[in-house]
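Engineer: After the sequence you'll find the predicted model.
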Amino acid sequence: MCVSWSHTEMNRFLVTTPGLSATRWLSFALASRPDIFVAHGKHSLESVVEGRFDNERSSGDASALALGNVMSDFYRCRPLEEVFETYRRLRPRARACGNVHSYTLGEVSDRFGPPARLEGIRIINVLRHPVTYIASHAAMVKTARDYQDLHDHYRRMFDEVLAECPELLLVECDDVNEFQAFAVSCYSAARFLADLRCEWAPGARMEDLTGDVDRLAWFCEYVTRLPYDREKLASYIETGPINRHRESRAGKQPQEVYESWQSWQRDVAELLLPGELLDRLTAAGYDVSMLCGKRQTAPASGRSDEPRAPACLADFVGLPLDEAPPPEAPVEVPVLVEAGYRGFNVVHYTGRFIAAAQSLGPVDLTQVDEAWLAERRADARAFVGETLGDVKRQIDQIAADEMASRLAQLQEQLSRLTDRQLGTESAVNEILTHSRLQAEKRPPLERISAAGWRVCRQVLSQLRKSASSVHAETSEAP
């Protein structure tokens, strides 16, 4: 049910953005009028209207990373009308209310659209050049290592990146942590596309808002429908950014940042940023020619001045073009992705992930065929999947099944002792000790399916009851 709001009661607005687009700074600029209620991101609802801009500049990154998700459930679970109603209760005298960076435009469209249902709410999408966004995002990912929840979030994102683009495994780099941070950041930039496809909402470029007081004034007045003091807004521009990850890139142009990237970073960006995204950003007024693949002709540090051909295997493995195999007869080399995962080595080869049991000894995958793989799959000594996660799930399931089977066998042994009223406590202990020693010979079950854990818990519960029963019976025997 839609709630009707009069235009004079309280104007409503949403500033959507994927983040790292001066969103905290924009929130304070909007709140420079005391009769405006502005919430920012997933922070505490009154963190802007009760906060101080000068204090924020001294602790921007720490505050954003430590406290930036306290209201995640509030925005994820509530309809938009309830969100605005909460704002109204907090500041009933405000003339306009809204949030910055609490949603992306794609999310608004998916959850609250179609656009006709959003009539009366001023919505504007803030964009940023993908090169500087990636640089800031990568810096933030590295800073987030000190915050376990965020660190885990970005590790999961990296798993998604590899699942969608396994070719990344063939890109050379010297620092795995740098690689993960950069790949996750390119993946995040690729998600701009969902927002840019929502052509019903106007857009504004972050670079214009943070450097031009007239554009900033237009932005504030557009979303709130109220006039702003240009001198006060100019002071925000002169003071500069809040977060240090942005300040570290302040003044650097996208081309300059791009030229500082290493070869592997350019390859990763080319793999993960789709052509449609670059086309739409160009239409929005951004120069993204440096990201248009090996076709770009601008000289870059450490590269030839001559235009490069489209990406090929030689680019991924870091071989000079004149040493690469001819296109009509490419040679693919198996790449070890993970060794010793529960007794298996996982290799990427021919576009798939293949896990071979270490008990098989050295295996040359270039010499095996589908029949060999099928035979080993049948006895659970080899698995094949389209993604790394797919192969690991198959291994996990076998491990879970084996554990459940061993526990069931142990339960049966104890049950037979009870039925025959035979054995002593030492006999039960002998069976349990034997089972433990057998289990210790198996690879550790670090990850097991939820179904597997449920089976194990049920069997263990029954085992405890059986062991208690046998102990009671032997204790009471004459």
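Structural biologist: Okay, I see it. Residues are numbered from 1 along each chain as shown.
Engineer: Give me the packing partners of the lengthiest helix in the chain, helices and strands only.
Structural biologist: Ranked by residue count under DSSP state H, the longest helix found in the chain is helix 388-419. Contacts defined by 3 or more C-beta pairs under 8 Å, 6 or more residues apart in numbering; DSSP states H and E place helix 388-419 against helix 148-164, strand 335-341, strand 344-349, strand 352-357, strand 382-385, helix 425-440, helix 450-476. Glycine gets a C-beta too; all of them are placed from N, C-alpha and C.
Engineer: so for the last one, what's the average pLDDT?
Structural biologist: Read that as helix 450-476. For helix 450-476, the mean pLDDT works out to 52.
Engineer: Also the second one?
Structural biologist: pLDDT averaged over strand 335-341 equals 86, rounded to a whole number.
Engineer: how far off helix 388-419 does that strand point, in degrees?
Structural biologist: Calculated by axes from the mean of the first three to the mean of the last three C-alpha atoms, to 10 degrees, strand 335-341 forms an angle of 20 degrees with helix 388-419.
Engineer: What's the separation between the residue lying closest to Val223 once chain neighbours are set aside and Phe74?
Structural biologist: Closest residue in space to Val223, ignoring its immediate chain neighbours: Phe13 at 4.0 Å, by C-beta to C-beta, 6 or more residues apart in numbering. Distance, Phe13 to Phe74, by C-beta to C-beta, to the nearest Å: 18 Å.
Engineer: Who has more neighbours out of the two?
Structural biologist: A direct count of neighbours by other C-beta atoms under 10 Å for Phe13 and Phe74 places Phe13 higher, at 22 against 16.
Engineer: From Leu118, how far out is the more buried one?
Structural biologist: On the measure of C-beta to C-beta, Phe13 and Leu118 end up 11 Å apart.
Engineer: same deal with Leu168?
Structural biologist: In terms of C-beta to C-beta, Leu168 sits 37 Å off from Leu118.
Engineer: which of these two has more neighbours?
Structural biologist: Leu168 (21 against 18).
Engineer: Tell me if I'm right that the more buried one and Val268 touch.
Structural biologist: Yes - with contact defined as C-beta atoms under 8 Å, Leu168 reaches Val268; the gap is 6.6 Å.
Engineer: list residues touching both of the two?
Structural biologist: Ala183 (C-beta atoms under 8 Å, 6 or more residues apart in numbering).
Engineer: Would you mind listing the residues in contact with the closest residue to Glu207 other than its chain neighbours?
Structural biologist: Of all residues not flanking Glu207 in the chain, His129 sits nearest, at 6.8 Å (C-beta to C-beta, 6+ apart). Applying C-beta under 8 Å, 6+ apart to His129 gives the contacts Glu207, Pro254, Leu281, Tyr286, Val288.
Engineer: Adding secondary structure, write the residues you listed out as CSV.
Structural biologist: Shown next, in CSV, are the contacts of His129 (DSSP: H, G, I helix; E, B strand; the rest coil):
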residue, secondary structure
Glu207, helix
Pro254, helix
Leu281, helix
Tyr286, coil
Val288, coil
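Engineer: Identify, from those residues, the entry nearest to Met157.
Structural biologist: For the contacts of His129, the closest approach to Met157 (C-beta to C-beta) belongs to Leu281, at 21.6 Å.
Engineer: Surely the closest one and Leu193 touch.
Structural biologist: No - counting by C-beta under 8 Å, Leu281 sits too far from Leu193 to count as a contact (9.4 Å).
Engineer: out of these two, which sits in the busier spot?
Structural biologist: Neighbour count, other C-beta under 10 Å: between Leu281 and Leu193, Leu281 has more, with 22 against 17.
Engineer: How about the contacts made by the nearest residue in space to the more buried one that is not next to it in sequence?
Structural biologist: For Leu281, ignoring the flanking residues on the chain, the nearest one in space by C-beta to C-beta, 6+ apart is Val288 at 5.1 Å. Going by C-beta under 8 Å, 6+ apart, Val288 touches His129, Pro130, Val131, Pro254, Leu278, Leu281, Thr282.
Engineer: Just among these, which is most surrounded?
Structural biologist: Neighbour max across those (other C-beta under 10 Å) = Val131, 27 neighbours.
Engineer: Can you report how many residues lie near the closest residue to Val337 other than its chain neighbours?
Structural biologist: Among residues not flanking Val337 along the chain, Val346 sits closest, at 4.7 Å (C-beta to C-beta, 6+ apart). Using other C-beta under 10 Å, the number of residues around Val346 comes to 21.
Engineer: Check the one 4 residues further on too.
Structural biologist: Thr350 has 10 neighbouring residues, counting by other C-beta under 10 Å.
Engineer: Then Gly361?
Structural biologist: Around Gly361 there are 7 residues (other C-beta under 10 Å).
Engineer: same deal with Ala22?
Structural biologist: Ala22: 24 neighbours (other C-beta under 10 Å).
Engineer: And the pLDDT at it?
Structural biologist: 93.
Engineer: That one reaches Arg205, doesn't it?
Structural biologist: No - counting by C-beta under 8 Å, Ala22 stays clear of Arg205, with 10.7 Å between them.
Engineer: tell me, what's touching those two both at once?
Structural biologist: Contacts common to Ala22 and Arg205, judged by C-beta under 8 Å, 6+ apart, are Val126.
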